[in-house]
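*Asks:* Sequence first, then the predicted structure:
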Amino acid sequence: MQKPALSARRLLYSSFWVSPLPFWLTLFFLGPLLLLVWLSFWDVRNFVLQPDFQLDNWVKILSANYFWQAYGRTFLGASCVAAIASLLALPCSLAIGFILSTRAKLTVLGLFVVPFFTSYLVRVYSWQIYLTDNGVISNLLAAIGLETGSLLSSKFAMQVGYVTLTLPLVVVIQSISMLSFDRTLINAAYNLGCGPVRVFFSVLLPGTRAGLILGALFAFIFSFGDFVSPTYMGGGKFPTLAILITDTVKSGQQWPRAAVIAIVMIGTLLIVALTSLKLAYRRK
Amino acid sequence: MHLSQATRIILMVLCAGALAFLYAPIMTNFVFSLTADRFPTLPISGFSTQWYELAFGDDLVIRALLNTALVALIVAPLSTFLGFTAAYTDYRFNFVGKKLLMVFALLPPLVPLVVSGLAMLAYLSRVGLSGNLSAIVISQIVLASPFAMAIIRLRLSQIDGDLEFAAQNLGASNWRAFWEVIIPLTKTSVFAAFLLSFAVSFDEYAVTWFVGGLNETASVRVLSFLQSAVSPRINAIGSFTFVVSMSLILCAQFITLRRFSKEKL
């Protein structure tokens, strides 16, 4: 007799906890993304959006030269950031994983997390001050006889911006896999006569592969979609996909074309992410 | 690990260098917010608070700051609640598709901000919600709740899953067991999640810029300043936002990591 009542109460209890976030995300995250797909088939007549089903936007964008140039530039740029940020993060995660004391490693990890949540915009603005002509860095270089002029509005400056954005994430992800790495494996390798270099390349790197790949993946994802660094560090001279979207949306009603670009971005990131996850968790 | 003294020193120096790279722009921002020069150059010619006076005497800035506070005060509790429900779901229940649901819940921050911005702008303007503060609140909750969820899930994973069932065996109802076991053990991490979502909302500039229309938050105001011209006013507002978000994050970290430092890492 009591059983159905009990399980009904249980059901009520569990659905109270299970449903709120999926509800919110379906309504305000999945919904918008699905609309975006539909939007890419719409038409714009007299500056007004018209629901429609036509392939015009896709044809226009996918046959445009400037789109593929921006695509190549964005993909290559993001791959560079993934490599650079991973390399810069490696000594940090090694230090956090294997050198620092427990207290120190938590403090240092904390110090790496803080910048991720502080204004990226303001930090990019500060980099502009460093890199502009007559800025701090070119003045320093001039003092030792190197005339560089403005370092701003260059691909170098863009990379500085991207690394500023992604380095904290990569360090944290790499550190997690370094911290959870089984130390006895290292000692075993030493006992079997491996030198430190060989331990690093044949034991530690393969053993922390997942963290290294995930770190690079996050750097790729975040720089791939970033519009701040290409706009304010690259000076808009190197339009990326994110810039194409902001320009299209902020300058007019061509949302359907921006939607096409957005879907291509999502598709690319999905493929890159699934490939990386496969590489990261593949069993030998 | 058996590392030579030289390797240790090199790794520590490189690690310090990476931190210097991340903190240099933050530090210079504080320095230049207090200079007397129109254009930030070295050596600094004099000390002045004029940029703070200029920035905080600007009606647009004040209005933006009020919007930021209002938005964050709504976004933070709601994100914390939604994040909590998802974290607790993952901890307590088992059902088909739970893993998929959790991946879905963590997805929003990984979608490029310009893509979510465009999607939410199009969607919210269809239902007549774009261009006002509620649009900003709605979309920021999507972006902030995964962070709240992560920080609370981390705490729940340290709690023995049988505690609640033990309470029920002793006669407590679901709610009673939850109230007496889970709440006391998670309340500090809930506070940390609140601070973290507040910080995420406080610093969000992209989606807010897309869906907000003419309503600006402080970070969107900074974006507008960036678009117009170099102005040391950005340094003044920037220093203020740095102080706020760094305090929020440091508090959240202190609360979260306090427990970890007692355990072995």
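*Replies:* Thanks, I have it.

*Asks:* residues in contact with the closest residue to residue B:49 other than its chain neighbours?
*Replies:* With sequence-adjacent residues excluded and distances taken as Cβ to Cβ, 6 or more residues apart in numbering or on different chains, residue B:49 is closest to residue B:34, at 6.8 Å. Bear in mind the C-beta positions are built from the backbone N, C-alpha and C, glycine included. Taking Cβ atoms under 8 Å, 6 or more residues apart in numbering or on different chains as the contact definition, residue B:34 lies against B:47-49, B:51.

*Asks:* likewise residue A:121?
*Replies:* A:228, B:205, B:219, B:222-223, B:226.

*Asks:* run the last query once more with 6 Å
*Replies:* Contact analysis of residue A:121 by Cβ atoms under 6 Å, 6 or more residues apart in numbering or on different chains lists B:205, B:222-223.

*Asks:* For residue B:56, see how far away it is.
*Replies:* Residue A:121 sits 18 Å away from residue B:56, taking Cβ to Cβ, to the nearest Å as the criterion.

*Asks:* quick revisit: would you mind checking the contacts of residue B:34 for buried ones?
*Replies:* Among the contacts of residue B:34, those classed as buried by 16 or more other Cβ atoms under 10 Å in any protein chain shown are residue B:51.

*Asks:* Leaving out chain neighbours, which residue sits closest to the residue of the stretch 1-150 of chain B found nearest chain A?
*Replies:* For the stretch 1-150 of chain B, the residue closest to chain A is residue B:112, as judged by Cβ to the nearest Cβ, at 2.3 Å. Once flanking residues are discounted, residue B:112 sits nearest to residue A:225: 2.3 Å by Cβ to Cβ, 6+ apart.

*Asks:* May I have the phi/psi pair for the residue of the stretch 101-250 of chain A found nearest chain B?
*Replies:* Here the stretch 101-250 of chain A gets closest to chain B at one residue, residue A:225, 2.3 Å apart by Cβ to the nearest Cβ. With angles defined as degrees, to the nearest 10, residue A:225 sits at phi -100, psi 0.

*Asks:* Roughly how far does it sit from residue A:59?
*Replies:* From residue A:225 to residue A:59 the distance is 24 Å (Cβ to Cβ).

*Asks:* what do you get for residue B:143?
*Replies:* From residue B:143 to residue A:59 the distance is 33 Å (Cβ to Cβ).

*Asks:* So for these two, which sits in the more crowded spot?
*Replies:* Shown here are residue B:143 and residue A:59; by other Cβ atoms under 10 Å in any protein chain shown, residue B:143 has more neighbours (24 against 11).

*Asks:* Can you tell me, leaving aside adjacent residues, what's nearest to that one?
*Replies:* Closest to residue B:143 by Cβ to Cβ, 6+ apart is residue B:108, at 5.5 Å.

*Asks:* check which helix or strand covers residue A:129.
*Replies:* Element membership for residue A:129, per DSSP states H and E: helix A:120-131.

*Asks:* Specify the local secondary structure of residue B:137.
*Replies:* helix (DSSP: H, G, I helix; E, B strand; the rest coil).

*Asks:* Also residue B:197?
*Replies:* Applying three-state DSSP: residue B:197 is helix.

*Asks:* which residues does it contact?
*Replies:* B:76, B:79-80, B:144, B:148.

*Asks:* again, only using 7 Å
*Replies:* By Cβ atoms under 7 Å, 6 or more residues apart in numbering or on different chains, the contact set of residue B:197 is B:75-76, B:79-80, B:144, B:147-148.

*Asks:* how much space is there between it and residue B:77?
*Replies:* Residue B:197 is 8 Å from residue B:77, by Cβ to Cβ.

*Asks:* just for the chain, where's the confidence low?
*Replies:* You didn't pick a chain, so chain A it is. Low-confidence segments of chain A (pLDDT under 70): A:1-6, A:147-149, A:284.

*Asks:* actually chain B
*Replies:* Using pLDDT under 70, chain B drops low at B:1-2, B:38-45, B:230, B:260-265.

*Asks:* Show me the residue sitting in the middle of it in space.
*Replies:* The residue lying closest to the centre of chain B (Cα atoms, centre = their mean) is residue B:200, at 2.4 Å.

*Asks:* what about it, which SS state?
*Replies:* helix.

*Asks:* That one reaches residue B:146, doesn't it?
*Replies:* No: look at residue B:200 against residue B:146 with Cβ atoms under 7 Å: they stay out of range, at 9.3 Å.

*Asks:* before we move on, back to that, can I get the contacts of residue B:197 in TSV including secondary structure and distance to chain A?
*Replies:* Converted to TSV, the contacts of residue B:197 look like this (DSSP: H, G, I helix; E, B strand; the rest coil; distance: Cβ to the nearest Cβ, whole Å):
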residue	secondary structure	distance to chain A
B:75	helix	12
B:76	helix	13
B:79	helix	10
B:80	helix	12
B:144	helix	11
B:147	helix	9
B:148	helix	10
